[in-house]
Structure formats: structure tokens, C-alpha cells
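A.B. asks: Could you look at this predicted model? Sequence included:
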Amino acid sequence: MLLYTCRRLASAVLTVLLSAVLVFAAVQLLPGDVATQVLGQDATPEAVAALRDQMDLNRPAVVRFLEWIAGAARGDFGLSPVSGEPVADTLWPHLRNTMLIAVSTVAVAVTASVVLGVVAGLYRDRWPDTIISTLTLIGMSVPEFVMATLLVLLLSITVPVLPAVVLDEATAPVADLLPAVVLPTIALSVVMTAYIVRMTRTSVIDVMAGEFVTTARLKGISTPRVVVRHALPSALLPTLNVIAMNVAWLVGGVAVVENVFNYPGIGQLMLESVHNRDLPVLQAIAVISALVYVLCNLAADLGAMALNPRLRTGGGSRR
Amino acid sequence: MNTESNDNTGSTDPLVRVENLSVAYTSEGHDVPVVRGVSFEVETGRTLAVVGESGSGKSTVAATLLAHLRHGSRITSGRVELAGQDLFGLDRAGVRRLRAHDVALVGQNAGHSLTPSMRVGAQIEESLLPQRLPRRERRAQVLTLAEKVGLPDPERLLRRHPHQLSGGQQQRVAIAMALAARPRVLVLDEPTTALDVVTQARILDLVAGLSRELGLTSILVSHDLGVVSRMADEVLVMRDGAVVEQGRAQQVLTAPEHPYTRLLLASVPRLEDRGLAEVDQDGTRTVRPRTPVPEDAPDAVSLRDVTVDHGSTRAVDGVTLRLRRGEVLALVGESGSGKSTLAWSLAGLHAPSGGHMLLHGGTEGDLAATARRRPLDVRRRVQLVFQNADTSLNPRRIVREAVRRPLRFFGGRSRRDADRDARTLLSDVALDPDLSGRLPGQLSGGQRQRVGIARALAGDPQVVVADEVTTALDVSVQASVLALLERLREERDLAFVFISHDLAVVRGIADRVAVLRHGRVVEEGPVEAVFSGPNHPYTRSLIDAVLDPSDPSDTGGHGPARSQRPPDPPSDTGDDPVWHDLGGGHRIRRWETGPETARDT
Amino acid sequence: MSELERGNPSTPSRARAQHPVGRTVRTLLRSRTACVGLGLVVLHLAVAALAPLLTSASPTANAPDEALLGPSGEHWLGTDALGRDVLTRVVYGGQYALTVSFAATTCAVALGTVLGCATALKGGRLDGALMRVLDAVLAIPPILALLVVVTVLGAGPAVIVLAVTLVYTPQVVRVVRAAALGVVPLDYVTAARARGERTLPILLREVLPNIVHVVAVEFAMRASWVVLLISSLSFLGFGADPPTPDWGLMISENRTAMVVLPWATLAPIIALATLVVGLNLSADGLSRLWNVDRTEEAS
């Protein structure tokens, strides 16, 4: 088990490093010169040369990558060529704001989806399932920006209870931002819940049809006991990984939804950087996203191991 | 049809009574009958065996005793009664009471029927909950039960999860779970089918002993007539959902009336057969003595000190064997003995890590290489037939394509010629060539296995490796497939490596036997010599575990197990430090005398 | 031979092997979900392809004097801020999203299927290395990766197809690999390996035919994701360029005037949602159909 944990940790670190290489390569090695990219096609050659100097572009890519990753490990992502300030200084407040949305979304979505998914699975093909599955389908089919737009129409314009647009700076205190968190959270939760509900439902149905659940039923124990003791531990295991996978989606969804609400988070920073061609900021965001994704997957795997005796006591293989 | 109830003179009311029971499931709006008009009664303390081949509806009947039907099935007529109470008239609470107190099930595969996330002790304890005992008493009960079903070191084992137990231990837990409810009726649905033969014998002894001790009424579902003869007082033979014959076990198994029962019984291979039994449609059985392989038959394959590793574990450990042209060499052993690994190495799927493996005869070559490294002409000379006919054929390719592919691959024949040859091959394996346009899903198991054999023959092999080819088949189909293999051996002078765990089958088809245990050959010799003994204790235990449906010592219900006394080592023969050489090619690996270490079942 | 006479095929249909296409169509007709879903998708494709025949108005020409009109006999869904007919723009609006999504999904699924099968069959170190790299790609959020590529290479349709392929191939590989790993250990693949067949014929003859259903479901699933992703991109202003009629873009353009002109926003929303519902229903229906088939085989 210890060996497994170590192997899993090593592989997580390796994945983050690989992602960093990919991002770095995509930004630095794609056709075209980064300095020109940043400044635009009509920049003067002198300006380009100056920026190349500033960004150390004349040294080999490998060296720059190693320096960059070493800095990133200490939380230093270099200077933004657009604002001239350290990337980290702009990044952290935005990251904090996004974490507000992300954490509340995950909390809402996971609770809602596990409950709904289990209900739908247990009442397969009966009315609770029909209702939940239909709502799920709609939730999956409406993009998050549409959901956000409709929520604005409903809760900011028709019934003005929540702000439609955030006017705060990124560095505003958390308390000021809290009302603005509600709508993005609802929009993202609906979509995320939809995906997790489906997986949970399928998993519950599979397990409930399994031989050991039938055996438990034939022992004459009560249905709630069959569900809670026998079915759910096995049924919820796969859901853990689905939740982790959804976090990757969440980072993308946040970008779009923040844009609808003008919420000062990572997503907004990301779009701003794309507009300004602020590549170092994009690199930093990409690596942090990758780190979050990998950490979630790691947590899911270790969680699965803790819950699954087959993994815990050895003799099982990875996923 | 013989469905009228038995004349059980001088007895009380039957505990279990099934009357004219019919069950159907609905498929695309049509009712498909699974059970048709089955009636039987079982008295308290008796064991009824429901016998039949796959698809006979026997498991469905057994499940109705727990008021359980598979999803989508329903009762179309008849009733199921326990002590006069109609089980399908019960409300939900009644059904729960029935399952918690009156009827308990032991399923086929405890590996699947135990909840993987719960400790086995907790699962047994759960069955005790309806009795509302104080916690301490309940725990004590669990321990008593575990001891009763012979779980070694119960204190420790009960805290384990199912996957940490062996198959036999899992089945013991399942039995303890069933007994915990103190049921009046025990339903045993193929309780030993997933187990090794030696473990099977022990579990059967356990169940027989416990039913006698606790005065249980049992319904045993089985396809294995040997198991039935060991356990049953009464026998009910089913086919296609209907009862074809029922009566006292002794009578049905020794003097069957219905031709189907006769066919079933005749198809069971026996240890005392000195050759392959041919079974006619009406159940007459003629044993054809084996024609011995000529002394001067040339070698087909030779193995010397072959070892095969799976990662860090050694699956085959220094095996030396030879196989002659036209000879059937049986590799015998339980799961994990390395017999299948050895077969796969021969077929070029897994390179051995040491030793020599050579092909002789028409084409010579080194078999230590994997298939892709072997020259085409060597590769085609060794062909494999698989155990599971369900997965050995590509479900998306019709039969003709399955046989045509190797013909074209090895022979480079034109599509037209290959099609013609494929039809010929299909008729060679006694399949109607008109089936060549069917998909494997539209064939029966036996037909699929024949296609698998035809595919192997398409390479024009010298050696066929048959890996448990009849294990998954019904007994009547098994007999016909064995007959086919025997005919092919004679017609084509083929050498067979026949892998099996069933010594009765081996007795009929093999010329020589090699017994494997933990990757080593423990005994090797001509079939006659091995079956007449003396033997290695492991071989002895395998032979003893074979259940013969008409063996008088087994009939009459819960007869005692045969002697488990390990044989004495033969008086010293030769001075080989590893082998006792008994002459005539019969040799036995020397073993430690003294008490056999208890096997982990 | 006793079982020759009995010869009971396990499937109820005794018919000879029908043509695969006919069999597939008949299977599809059995599922209402799949029918409705595929119907919706086909309807969208038809509307997009036949747009010029369905409406005579131009989707791009400005008509400032007709701006911001409500629904009327002439403009069923009204006009937008530049006086363009909303219905016309919605009818044309699928063209961009459908073309780009279809191309991108096809590329991603094709590449993913090949890689997934190959890595499942080959296994070993190649498999380990490939999965590691794909894990690293998966760790980067799709929209971010897309934005980076678009920033560096520009926002042309070809670039978006390439970027979406890059982003979604790893996920397809995961799904296909898992399905192929279920097939590879089966005996008929082993038989082909024992014959010494090369990897490509084994893939094409033995593995691929048995996972086509997984690939088909994956295609429908993936297409719904891609449509959503590409609309998001348009919504953010990185996809279709402004005069182009595109649903994502229309929603972004008109949402500020949503209170005045609800239809200008709602119509493209409904169009987009029905397309994605169609794709999701197809995926659902197909997977359930084939699942049903599999349970039938097992029983």
C-alpha cells in the first residue's frame, strides 16, 4: 500500500512536470517568435529585440524551461511583459477569487449529484428517475454561459436579488465578493451536477444488479441496509474519479462564466492575457490548472484506495 | 413425461411443494417460457437434486423457493409452497421473513456473491440480525459458525475481506452465512462448480455433514451427476424447462427410464473406462478400447527443463516431457498448477525463460520462440484450441471467415479455394457446412467449440494444444467433442496436448498423463499405470476427488468421503534422488513422508 | 452427434446472418431515445445545409432601419440591433458550429481510436509512455489549451479543428483503450496472435469490429462536448468572426438586450440546446441499445 502511494505520488509529479513541458513548448516553440506574438505583427524590430532580451529569449529553451520551472516551484512565475509586474502578484488574488467559486461549486455539485444519482439509480425507470434524468439531460445540453445568462435574466433582471455584474477589483475583500459568488456557483453547479449524476446513476444501477447485492437481498435484510452497507460503497467508488475529472472541466467552465459576470477570477485574467498576448501569465495559469487537476486525481485515487479493501490490502492493480 | 408426484408411503406432509410451476420472461413483447409445469415435493430432512444442462431452467426453479425471480420474469402458472404457505402470495415483509428465517441460498460463485467492501465476519453476522440477539452473543455465534464450516483460524479470517480468501474459503463463508439464518430449507445452486476438484469434494462433505446434523431440507441444483449422486436422496431431471424424470436418486441414477436421463448418465466419463465411451442418442454406451500408440512412433514435441515466468513468479518450473506422433498427452492439475501457462508457451504466446522446447517430425523447429518469431511453417504446425468457446470466436465474423482466415494466412490460398476448404473442414468437425454463414452468437456452445477446432485444423498442424476444451460444455456435448478429437487424432495422426482438471475425462482420451503441481511434474506415465497406481499423494487426491454417478459407494445420499489416506511411497525403486521410476515410463516425484500439510481451502 | 440435431442457437432469431447495415438500422429503430436524438441531429444538419432554400433573407446584411423589431409576420422572431432577421441568422447559425465541430470530432475520434487500439494491443512501455503524455495533456483545461493555441496561431477554423483534436484526442484514447483492453485478452485475439498476425490486421479484423459501438457512442458524446466548447469559444469572441451567423456569437451579441428582445438570445440558445440534446440522446440511446444487446448475449 505504501509502495502504491509512493508510485502514485511519483506519477503525479511526473504528470505535472510533463504538462509544464507541454505548455512551455506550446508557447515557446510554436511557429512565430514569442516577442513578436506579445507585441503584435507591427512592432518595430528594436522593440522586439528589447523584449527578447527582457524575456531571455536568446538563451536555449531547455535552460529557460529549467529556470522557469524552478521559479514556478517557489511561486515565482517571472515578470509579465505587458504590465512589467511579477506574474504572481496578479495571479494570487485572482486565484483566490476563483477558489471561492470552485470550492462552493464542488461542494454543492457533489452533494446534489450523489444524492440525485443514487435516487435515480435506485428508482431506475420510474418517475423519480425520469425527472432526474430529464433535468440532467437539459443540464448537460445547456452550455454554462447560457445557464449564466439565463440566471442573470431570472435573478438579476426579472427579480433583482443578486448582482449581474461584479464591479469589484480582484483584490477586494472576500466579504465584498460573496454575493457575486452565488450566481456563478449555481450556473456551474447545474452543469457539473448533471455529469456526475449520470455517472453515479449508472454505477448504482450496475452495482444493484450485481450478484452480491442479489445475495444480500436473498438474505432477507432490509432494503435500506442492502443499499447502504452493500451497494453504495462499491457504487460510489467510480464516482470519485468522475468528480476529479470534472474539476478539469470546472477550470474551463469558470473562465466562461466569470466572463459573463465580469468576476475578477482566473478565468477573467486568462481572457485578458489572451487579449494582451501576455504569455507568461497564461503559462502560469496552465501549470496551476494542471497542478489542481493532478492533485484532485491523486486525492480521488488515494480516496478510492482508502475505501476499496481490494486496493488497500494489495493484490489489486491501478484502475 | 413423468410429473406425477412420488409415492412416498408413510410420510408426513412435504415441507416444500411445487405445483405445476411455469415461469416465463418477456422479451420484445413475447413470453419466452423458461420453466414449464414443474411439480415436486420435498420432505423434511431430504435432499432433492435438480439436474439439467445449461438452459434447462433448473436455477430458476431453485430461486422460486426464495420467492425470487430474475428481473423481467414472472410466474405464469402454478404455486410454490413452504409448509403449506404460498410463497408468491407473501407481502414484502413476508418475503423478508421467509428469506431471513426459513430458506437460505448458497450460490455458485462466492467470489461474486460476497460483498467486496464488507468484512466476511460482518456479512455472516448480518444474517443473524433478524434473530435479535445481543451483540456479544451474535459475535460468538459467528465464531461458532465459522468453526462449524471449517474456516481455519476463524478469529483472523473473519476480519478479512472476501478477496483475501481462497475460493474454497469464500464458499465456506457463504455456507456459514446461509446457516446463520437457521433455515429449514437450504438451496444450493451449483455450490461447487467454480471450485477445484479436491476443494469440491471437501465442500460437499461439509454440506452433507451439516445438513444431516441440522436436519436441513436441501434443494441442490447441479449439472454434475457425480455431485448429485454423492448428495441427493431424490433426483429431478429437467430439460428445456420441463421435468423429464424424477424419482429416488438410486433408481434414477442406476436405472434411468427416460432416454434423456440415460443419455446424460452415459455421457459422464468414468474412471474405470479403458477408452473413450461412445454414446448413442438413446443412451447406450460402448467403450472403445484405445489403440496403443506404436512403440516406434516418432517424437512430435520434446520439452527439456522448461521454465516459464510470469514476472517474478515461476509458473512452470523445470518440466521435461515428450509427446509422440498420434499420442494424446494429458496435462492434469488444479488451477494455478501451470498447465495452461505451459500450453500457451507451446503455442508461442509466452516465451519460456529457460530450457528447450523443440518441434520434431515433418517440420522441425524451435518452439522456445514466440509465435511471431517462429517461421511460418513451424507456427502452423502447433495450434491451440481454447477453453471458452464463447470468447474464442470473434462475435462479428461469420463462421466461414473464422476458418478461412488461417487457411489464407498460412496457405496463401485464394478466397475461393479457402471458402471451399473451409466448408470441407467444417464437415470434418461434423458441423453442417450450411452453418458457415452464421455468426458465433447464433451457434450453440458445442458448435462453437467445433468451429474452434476447425480453425486450429486449418493450419494443418502436427500438434494440437487443447486447453480445457470441454470444461465449459454440457456433459452430452462434451462426450461428442471428445469423440471428435479422438477421430481427428486417428485420421490425421495428430499429437494432442490435452489439458484438463478432470481425471475421468483424461482417462478416456489420453495415452499418457503428466500431473502438474505448482509448476512441476509430480507424476508422469502411461494412462493405465497412473490410474492403477501407486501414485503421488497429489495424484491420489485428484483421483479420489472424481465423483462417479453410479459408483455404489457414493449412492444412497450422504455417503462418507472416500479414504483420504495418503498413499505410502513405493518401495524404493532406483537411486534417482528426485524420481521413483516404476518402469514403463511411469515415474513419480519423491515426496516428503509424514502428514500432508493441510491444504488451504 | 447429439447436439447437431438439437442445434439450438442462443439468439431467438433463427435468421441467417443479416447484412450488418440492415441489422444496425433495425437495432436503432428499437430505441426511441436513439431515434429522437439522431432525428434532432439530422434535422439540424438538414436545416444548416438547406439554409439558403429555407429563407430568402441574408443572414449578414445590415438593415439599420429595421433594427430591434419584435416578432412580426415578416420577421417571425424579430430582428437584432443591426436589423438582421433573427430567424434567418439562427437557420444559418448552425453552419459554422456544425462544420467545425464535425471536422474536429471526426479528427479527434479517428486519431483517438487508432492510438487507443494500438496502445491497448501493444501494451508495455509504449502504452505507459503514451498514457503518461496523454495524462499530461488531460491535465490542462480544454478551453485554456484552445485559447493558447488560438492566441499563438490565430482563430481560423483550421486552427480550431487542430486545437480541438489535440485537446480531445486523449479523452477518446482513454475510452477506446479501455474498451480495447476488454477485447484484447479474449481468445479470438489470442488466436490471431498465435497465428503470428501483425498488429494492423489484428486491429482491423479482430479488435475494431468489436468496439465500433463504443466508438460510435464516443463520437456522439464527444460531438456534444465539442459543440459546447466551440460555442463557448465563439461566445468569448475567439471563434466565429462577428458578421458570421453563429449561435454562440449571437448569444454574446444579444444578451445585453435580452430584456428588450428576448428572442434574439433565446432562439440561438434553443437551437444550440436542441442540437446538444440530440447528440446526448443519440449517445444515450446507442449505448443503452448496445448494452441491452450485451446483456442478452450474457443471459
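C.D. replies: That came through fine.
A.B. asks: what's near enough to touch the most centrally placed residue in chain A?
C.D. replies: Most central in chain A under C-alpha atoms, centre = their mean is residue A:247, positioned 2.8 Å from the mean C-alpha point. Residue A:247 sits next to A:102, A:106, A:292, A:293, A:296 when contact means C-beta atoms under 8 Å, 6 or more residues apart in numbering or on different chains. C-betas here are computed from N, CA, C, even on glycine.
A.B. asks: Show me the two of the residues you listed that sit farthest apart.
C.D. replies: Comparing all pairs in the contacts of residue A:247 by C-beta to C-beta, the longest separation belongs to A:106 and A:293, at 13.0 Å.
A.B. asks: So for the residue nearest to the centre of chain A, what pLDDT did the model give?
C.D. replies: pLDDT for residue A:247: 77.
A.B. asks: Specify the local secondary structure of it.
C.D. replies: Three-state call for residue A:247 (DSSP: H, G, I helix; E, B strand; the rest coil): helix.
A.B. asks: Looking at residue A:106 and residue A:293, which one has more neighbours?
C.D. replies: For residue A:106 versus residue A:293, neighbours defined as other C-beta atoms under 10 Å in any protein chain shown are more numerous around residue A:293 (26 against 19).
A.B. asks: Quick check: that one touching residue A:252?
C.D. replies: No - using C-beta atoms under 8 Å, residue A:293 is not in contact with residue A:252, being 10.7 Å away.
A.B. asks: anything in contact with each of the two?
C.D. replies: Common neighbours of residue A:293 and residue A:252 (C-beta under 8 Å, 6+ apart) are residue C:141.
A.B. asks: related to what we said a few turns ago, columns pLDDT, distance to residue B:196 and secondary structure on top of the contacts of residue A:247, output as JSON lines?
C.D. replies: Output for the contacts of residue A:247, formatted as JSON lines (pLDDT from 0 to 100; distance: C-beta to C-beta, whole Å; DSSP: H, G, I helix; E, B strand; the rest coil):
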{"residue": "A:102", "pLDDT": "87", "distance to residue B:196": "53", "secondary structure": "helix"}
{"residue": "A:106", "pLDDT": "89", "distance to residue B:196": "49", "secondary structure": "helix"}
{"residue": "A:292", "pLDDT": "85", "distance to residue B:196": "50", "secondary structure": "helix"}
{"residue": "A:293", "pLDDT": "85", "distance to residue B:196": "46", "secondary structure": "helix"}
{"residue": "A:296", "pLDDT": "85", "distance to residue B:196": "44", "secondary structure": "helix"}
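A.B. asks: quick check, nearest of the residues you listed to chain B?
C.D. replies: residue A:296 (22.9 Å; C-beta to the nearest C-beta).
A.B. asks: can you pull out the helices in the chain?
C.D. replies: Assuming you mean chain A. A:2-29, A:34-39, A:45-54, A:61-73, A:87-122, A:127-141, A:144-152, A:174-208, A:211-218, A:223-225, A:232-261, A:266-276, A:279-307, A:309-312 (DSSP state H).
A.B. asks: That was the other one, I meant chain C.
C.D. replies: Under DSSP H, chain C gives helices at C:2-6, C:20-29, C:32-49, C:51-54, C:86-122, C:124-138, C:142-153, C:157-183, C:187-194, C:199-201, C:208-235, C:247-254, C:262-298.
A.B. asks: that older thread, closest one to chain C out of the contacts of residue A:247, please.
C.D. replies: So of the contacts of residue A:247, ranked by how close each gets to chain C (C-beta to the nearest C-beta), first place is residue A:293, at 4.4 Å.
A.B. asks: Relative to residue A:251, how far out is the closest one?
C.D. replies: As judged by C-beta to C-beta, to the nearest Å, residue A:293 and residue A:251 stand 7 Å apart.
A.B. asks: that older thread, dump the helices of chain C to JSON lines, plus mean neighbour count and distance to residue B:351.
C.D. replies: Below are the helices of chain C laid out as JSON lines (neighbours: other C-beta atoms under 10 Å in any protein chain shown; distance: least, C-beta to C-beta, whole Å):
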{"stretch": "helix C:2-6", "mean neighbour count": "15", "distance to residue B:351": "38"}
{"stretch": "helix C:20-29", "mean neighbour count": "12", "distance to residue B:351": "38"}
{"stretch": "helix C:32-49", "mean neighbour count": "17", "distance to residue B:351": "46"}
{"stretch": "helix C:51-54", "mean neighbour count": "13", "distance to residue B:351": "62"}
{"stretch": "helix C:86-122", "mean neighbour count": "22", "distance to residue B:351": "17"}
{"stretch": "helix C:124-138", "mean neighbour count": "16", "distance to residue B:351": "14"}
{"stretch": "helix C:142-153", "mean neighbour count": "22", "distance to residue B:351": "42"}
{"stretch": "helix C:157-183", "mean neighbour count": "21", "distance to residue B:351": "22"}
{"stretch": "helix C:187-194", "mean neighbour count": "23", "distance to residue B:351": "13"}
{"stretch": "helix C:199-201", "mean neighbour count": "13", "distance to residue B:351": "18"}
{"stretch": "helix C:208-235", "mean neighbour count": "24", "distance to residue B:351": "27"}
{"stretch": "helix C:247-254", "mean neighbour count": "26", "distance to residue B:351": "56"}
{"stretch": "helix C:262-298", "mean neighbour count": "20", "distance to residue B:351": "34"}
